[in-house]
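Chemist: Quick one, fold the following:
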Amino acid sequence: MISLLLVALGAAGALLLVGAVSAWWWCAAGPLLALTALGGWDLAQRRHSVLRNYPLLGHLRFLLEALRPELQQYFVERNFDGRPFDREVRTIVYERAKGAEAEEPFGTERDVYEDGYEFLEPSMRPVEVPEEPPVVRVGGPDCTQPYDMALLNVSAMSFGALSANAILALNRGAALGGFAHDTGEGGLSDHHLRGGGDLVWEIGTGYFGCRTAEGDFEAREFADKAALPEVKCVSLKLSQGAKPGIGGVLPGVKVNAEIARARGVPEGGTVVSPPYHRVFSTPRELVRFIARMRELAGGKPTGFKLCVGSRRQFLAVCKAMLAEGVTPDFIVVDGSEGGTGAAPLEFADNIGTPLTEGLITVHNALVGTGLRDRIRIGASGKVATGSDIVKRLLQGADYTNAARAMMFAVGCLQAQRCHTNTCPVGVATQDPRRVRALDVADKSERVHRYQRATVRSASQIMAAMGVRDPGELTPHRLLRRIGPTTVRSYAELYEWLPPGVLLAEPPLSWGADWTAADPDSF
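Modeler: Residues are numbered from 1 along each chain as shown. All right, here's what the predicted structure looks like:
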């Protein structure tokens, strides 16, 4: 490598001499001089060992490393083995968003004999697909303004994590399709309100949009904004699937005037979201605060979102509900496979319960305490297709939310640069040059078409299963291969509690957690 650098130096020197005769020789001398300078810097620097040993050529390693995700996604991975979403799922979303038929010839590429393969049970007597998609009435006995929730809605994504144009396109798409749009915890921005879509206003630990100067919950501001006709539900975020139990920091350089106004924070100042809520510290206080939020919101549906952790802690919340006589109108279960703009890798990979187990845990706990009929359950975490919707309904959900699939619908390429402010399609960035590439009128139509086609697909799958109403779906209808010759239904793989059993005689498998659950302590 040193000899290569010496050759470059010699060639550059020769060209400099020739350049004294003809100015045209500088066209060759310029690049060679630049390479010589770069090689000299490589030898002198101490940060990268590979460059000191391999000047010039060592840069090839960094170039290939930078291109690796794109090379992997476009040229290496098969249709069904990409992560977080494989090409097959992305293609379904893109085609439905464009209004094209999401159909494939010749047969499945999946190995249907592989351990873990899941499939739905068709009926020998299918039924007609309903003309109108099903909706779910959200609103318990203490709710005075119930809301009809679609089977698929826009999951929580904040303005700041997403661009203004992306938020507006999602909201207008929701308005066109009559489904809900969760604001995320970043506040209620003008872009959420301009599109006319139904909103679920999410409040996180930073209380953005309804916070005091000290970062506490501001009840009057909350009540004023919750009264807006666009706000159909309010939600308290306890934790997020991709990073449960951790707060967040928004650097001051990213807090522009619009973001500061939406979040109710000073422009240019670093914003910290703590990992815990200030307004409660026990399950009983949580339940009371949910009741207070519903009262301040004028009786609109009020609930909370969490990534399930300890079953004992969730049972403690159920005991608090029973003791206080107060229940949320809905609970959104976020799986650990859910997405995020940015999270520590260890949290995304190792913390939190996956959606299947989290959903079944929450459903069972509410059934076992006799509270299930008062509370609707939403499911979020890699929901993208009609079959995803049906599977989550079978596992205990009443409706689903999608975030990254909705991002695909507005043009996301899964470039995974959400945290760098360099999103190539203007979805997850605040860079004005990049944001202008996202056409709101076109992308809002795509969001609408994607949601409509996906719910239609779920309805077709249910009809093929002989099911007219989502309430008829049972765990017996979803099967998983667990061995070369063994298939089990979800009814056999998981325990399903009878109504009220925890109040009467808890089964042995739940007894220890139920006994230890304390409504006055997490």
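Chemist: hang on, His254 packs against Asp431?
Modeler: Heads up, residue 254 is Lys, not His. No: counting by CB atoms under 8 Å, Lys254 does not reach Asp431; the two are 10.8 Å apart. Any C-beta I mention is one placed from the backbone N, CA and C, and that applies to glycine too.
Chemist: Show me whatever sits in contact with both of these two.
Modeler: Asn421 (CB atoms under 8 Å, 6 or more residues apart in numbering).
Chemist: Next one: Ile331 relative to Ala226, how far apart?
Modeler: 19 Å (CB to CB, to the nearest Å).
Chemist: Comparing the two, which shows the higher neighbour count?
Modeler: Ile331 (25 against 21; other CB atoms under 10 Å).
Chemist: which SSE is the more buried one in?
Modeler: Counting by DSSP states H and E, the element that carries Ile331 is strand 330-334.
Chemist: outside of that strand, which residues touch it?
Modeler: Counting by CB under 8 Å, 6+ apart, 138, 149, 233, 235, 239-241, 301, 303-308, 355, 358-359, 362, 366, 375-381, 397, 401 sit against strand 330-334.
Chemist: Among these, name the ones in strands.
Modeler: 138, 149, 233, 235, 303-306, 376-380, 401 (DSSP state E).
Chemist: Can you read off the pLDDT for Phe304?
Modeler: Here, the pLDDT recorded for Phe304 equals 98.
Chemist: Please disregard the earlier target; I meant Asn165.
Modeler: pLDDT at Asn165 comes out at 96.
Chemist: what's the answer for the one 3 residues further on, then?
Modeler: Here, the pLDDT recorded for Leu168 equals 97.
Chemist: Repeat that for Val287.
Modeler: Predicted confidence (pLDDT) for Val287: 98.
Chemist: and what of the one 3 residues further on?
Modeler: Note for Ile290: predicted pLDDT of 98.
Chemist: Over to it. Which of the three states is it?
Modeler: What DSSP: H, G, I helix; E, B strand; the rest coil gives for Ile290 is helix.
Chemist: quick one: it and Asp398, what's the gap?
Modeler: 18 Å.
Chemist: Comparing those two, which shows the higher neighbour count?
Modeler: Between Ile290 and Asp398, counted using other CB under 10 Å, the more crowded position is Ile290 (26 against 22).
Chemist: which residues does the more buried one contact?
Modeler: Here Ile290 is in contact with 236, 302-304, 326, 328 (criterion: CB under 8 Å, 6+ apart).
Chemist: which one among the residues you listed gets closest to Phe159?
Modeler: Leu236 (18.7 Å; CB to CB).
Chemist: Now the closest one. Nearest residue, chain neighbours left out?
Modeler: Once flanking residues are discounted, Leu236 sits nearest to Phe304: 4.3 Å by CB to CB, 6 or more residues apart in numbering.
Chemist: for the stretch 401-522 of the chain, what are the low-confidence residue spans?
Modeler: Within the stretch 401-522 of the chain, no range satisfies pLDDT under 70.
Chemist: Now with 90, please.
Modeler: Applying pLDDT under 90 to the stretch 401-522 of the chain flags residues 413-422, 430-431.
Chemist: just the helices in it please.
Modeler: For the stretch 401-522 of the chain, applying DSSP state H, counting those that start in this stretch gives helices covering 404-409, 432-435, 440-464, 490-493, 501-504, 508-516.
Chemist: Make CSV out of those helices and add distance to Leu170 and mean neighbour count.
Modeler: CSV is the format used below for the helices of the stretch 401-522 of the chain (distance: least, CB to CB, whole Å; neighbours: other CB atoms under 10 Å):
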stretch, distance to Leu170, mean neighbour count
helix 404-409, 6, 27
helix 432-435, 14, 14
helix 440-464, 6, 21
helix 490-493, 32, 16
helix 501-504, 39, 17
helix 508-516, 38, 14
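Chemist: For Arg278, find the nearest of the ones you listed.
Modeler: Closest among the helices of the stretch 401-522 of the chain, once you apply CB to CB, is helix 508-516, at 26.1 Å.
Chemist: what sits up against that closest one?
Modeler: Here helix 508-516 makes contact (CB under 8 Å, 6+ apart) with 311-312, 315, 364, 368, 495, 497, 502, 506.
Chemist: what does stretch 472-490 give?
Modeler: Applying CB under 8 Å, 6+ apart, the contact partners of stretch 472-490 are 112-121, 390-391, 393-395, 462, 465, 467, 491, 493-494, 496.
Chemist: out of the residues you listed, which are buried?
Modeler: Among the contacts of stretch 472-490, those classed as buried by neighbour count (16 or more other CB atoms under 10 Å) are 120, 390-391, 393-395, 462, 465, 467, 494.
Chemist: Adding distance to Thr422, write the residues you listed out as CSV.
Modeler: CSV is the format used below for those (distance: CB to CB, whole Å):
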residue, distance to Thr422
Leu120, 40
Val390, 37
Lys391, 35
Leu393, 38
Leu394, 40
Gln395, 37
Met462, 41
Met465, 44
Val467, 45
Tyr494, 42
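Chemist: What is the most widely separated pair among these?
Modeler: Met462 and Tyr494 (20.8 Å).
Chemist: Nearest the geometric middle of this structure, what residue?
Modeler: In the chain, the centroid-proximal residue (CA atoms, centre = their mean) is Gly339; its distance is 3.8 Å.
Chemist: how deep is Thr420 tucked in, by neighbour count?
Modeler: When neighbours are counted by other CB under 10 Å, Thr420 comes out with 11.
Chemist: tell me the phi and psi of it?
Modeler: phi -100, psi -10 (degrees, to the nearest 10).
Chemist: show me what contacts it?
Modeler: Per CB under 8 Å, 6+ apart, neighbours of Thr420: none.
Chemist: Quick check: Ile360 touching Ala491?
Modeler: No: in this structure Ile360 lies outside contact range of Ala491 using CB under 8 Å: 11.2 Å.
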